[in-house]
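# this one's structure only:
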């Protein structure tokens, strides 16, 4: 069975139905959440979505990479990027740690 993802329209409709608000209000919520995440991560370096995880601004150091076609070494510049770290509770709910693996 192939995994499918929800489109924004489907997510908005599902959220609107679950919490009994209009689709317009649900869409506005997601747009506001995305805007807040970007501005707060940019300003403070981190944005936490309680119960889900955190969006964090991280610095990547300059490094040497390889051109996959030629194998030639290339320089990759340092840059700032964003990473999303999933909360432990979410990880455990999606993929619980097996007892045997936890004892090792």
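Yep, that arrived. Source: prediction; values computed, not measured.
# in the chain, what helix or strand scores lowest on average pLDDT?
helix 99-103 (a mean of 57; mean pLDDT, DSSP states H and E).
# give me the phi and psi angles of the nearest residue to residue 57 once chain neighbours are set aside.
Take residue 57 and drop its neighbours on the chain: the residue closest to it by CB to CB, 6 or more residues apart in numbering is residue 45, 4.8 Å away. (C-beta placed from N, C-alpha, C; glycine too.) Torsion angles at residue 45 (phi, psi; degrees, to the nearest 10) stand at phi 90, psi -10.
# correct me, but residue 12 touches residue 26?
Yes - using CB atoms under 8 Å, residue 12 is in contact with residue 26, at 4.6 Å.
# circling back: could you count how many residues lie near the residue nearest to residue 57?
Residue 45: 13 surrounding residues under other CB atoms under 10 Å.
# what do you get for residue 26?
Neighbour count of residue 26, defined by other CB under 10 Å: 19.
# do the one 3 residues further on as well
Applying the criterion other CB under 10 Å, we find 15 residues in the vicinity of residue 29.
# do the same with residue 82
With other CB under 10 Å as criterion, residue 82 counts 13.
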